[in-house]
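Colleague: show me how the following folds:
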Amino acid sequence: MAVIPLGDPYYEDASLQDIDLADMTPEQLALVHTDAPHRGNKFIFLFMLANLGAVIAYGPTYGIFIELSQREPEHIRGRLQTNVFMVRNALAIVTAFLTGLCLNSTEYGGTFSWTIGFNGIMWICTAATVITIPFCWFCVTEEKVEQAKSIGTFYSTRRSSRRSKRSRFIASSSSATSPRSSLQCRSQHPATSSPFTRASHHSTMALRLVSVKS
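Modeller: Predicted coordinates for the structure are as follows:
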């Protein structure tokens, strides 16, 4: 996108946007480019590819951050992620400031008399991307996996894990709802049982007391 010409805008004169095309003179119509929206399709596609690349890069990056953070001592754990997020947010502020400052000429609806243009912004992004390539190639190390596990192994492991969790849940539910365990629980805790059970328990205790006295 740094080398692709952006083309002429829809209105070369911003004052023409309030005038209907049917009411314009031939000189004014010459300043209107109705094919401008169609030229933006290729930029939309390129921005989609750039966004896809960023998403693909974010996933492994966060995984590496978590792995490195787990190796930090407990009293400073999370410092690496905090520093990285601080740098990323600071650079996001710089890019927003750069866009608002360098694309504020009359061509973009601003008041500045100068601008670096859309291609200039793309050249800055290209330079920032090229700088990171050597770091990604030489500074990132990863252990080579001799034999990768298949997707079938992943699903079988996941299925067996779900089956074991389901079995434990059924076993715990059965033991909690069995009549014998419920009766034992109520006999051990008469205060939490039903009124009929408590009355029977008190009657039994009274009979035992009378028999002992006699």
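Colleague: for the protein, name the helix or strand with the lowest mean pLDDT.
Modeller: Counting by mean pLDDT, DSSP states H and E, the weakest-scoring helix or strand in the chain turns out to be helix 179-188, with a mean of 47.
Colleague: and Thr106, its phi and psi?
Modeller: Thr106 adopts backbone torsions of phi -70, psi -20, taken as degrees, to the nearest 10.
Colleague: which residues touch it?
Modeller: Ala14, Phe112, Ser113 (CB atoms under 8 Å, 6 or more residues apart in numbering). Yep, even glycine has a C-beta here, placed from its N, CA and C like the rest.
Colleague: for it, give its distance to Ala96.
Modeller: 21 Å (CB to CB, to the nearest Å).
Colleague: could you point out the helix or strand that follows the longest helix along the chain?
Modeller: When the chain is parsed with DSSP state H, its longest helix is helix 41-70. Counting by DSSP states H and E, the element after helix 41-70 in chain order, helix or strand, is helix 79-102.
Colleague: the helix or strand just after that next one versus helix 41-70: what angle between them?
Modeller: Per DSSP H and E, the first helix or strand lying C-terminal to helix 79-102 is helix 117-138. Going by axes from the mean of the first three to the mean of the last three CA atoms, to 10 degrees, helix 117-138 is angled at 40 degrees with respect to helix 41-70.
Colleague: and the pLDDT for Thr126?
Modeller: At Thr126, the model reports a pLDDT of 90.
Colleague: quick check: it touching Asn119?
Modeller: No - with contact defined as CB atoms under 8 Å, Thr126 does not reach Asn119; the gap is 10.1 Å.
Colleague: overlap in contacts, these two.
Modeller: Ala2.
Colleague: could you dump the contacts of Thr106 into CSV and include pLDDT, distance to His75 and neighbour count?
Modeller: As requested, the contacts of Thr106 are exported to CSV (pLDDT from 0 to 100; distance: CB to CB, whole Å; neighbours: other CB atoms under 10 Å):
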residue, pLDDT, distance to His75, neighbour count
Ala14, 73, 59, 12
Phe112, 84, 50, 13
Ser113, 84, 55, 8
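Colleague: in JSON lines: those, plus distance to Phe47.
Modeller: JSON lines is the format used below for those (distance: CB to CB, whole Å):
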{"residue": "Ala14", "distance to Phe47": "25"}
{"residue": "Phe112", "distance to Phe47": "24"}
{"residue": "Ser113", "distance to Phe47": "28"}
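Colleague: now, which of these sits nearest Ser156?
Modeller: Proximity of these to Ser156 (CB to CB) peaks at Phe112, which lies at 62.4 Å.
Colleague: contacts only, for the closest one.
Modeller: Counting by CB under 8 Å, 6+ apart, Phe112 has contacts Asn104, Ser105, Thr106.
Colleague: could you check how far the first one is from Ala54?
Modeller: So the one you mean is Asn104. On the measure of CB to CB, Asn104 and Ala54 end up 25 Å apart.
Colleague: more neighbours, these two?
Modeller: Asn104 (16 against 9; other CB atoms under 10 Å).
Colleague: let me see the mean pLDDT of stretch 159-167.
Modeller: In the prediction, stretch 159-167 has an average pLDDT of 72.
Colleague: could you chop this structure up by domain?
Modeller: Domain segmentation of the chain under automatic domain parsing yields 14-138, 180-208.
Colleague: so what pLDDT did the closest residue to His33 other than its chain neighbours get?
Modeller: Once flanking residues are discounted, His33 sits nearest to Asp8: 4.8 Å by CB to CB, 6 or more residues apart in numbering. At Asp8, the model reports a pLDDT of 80.
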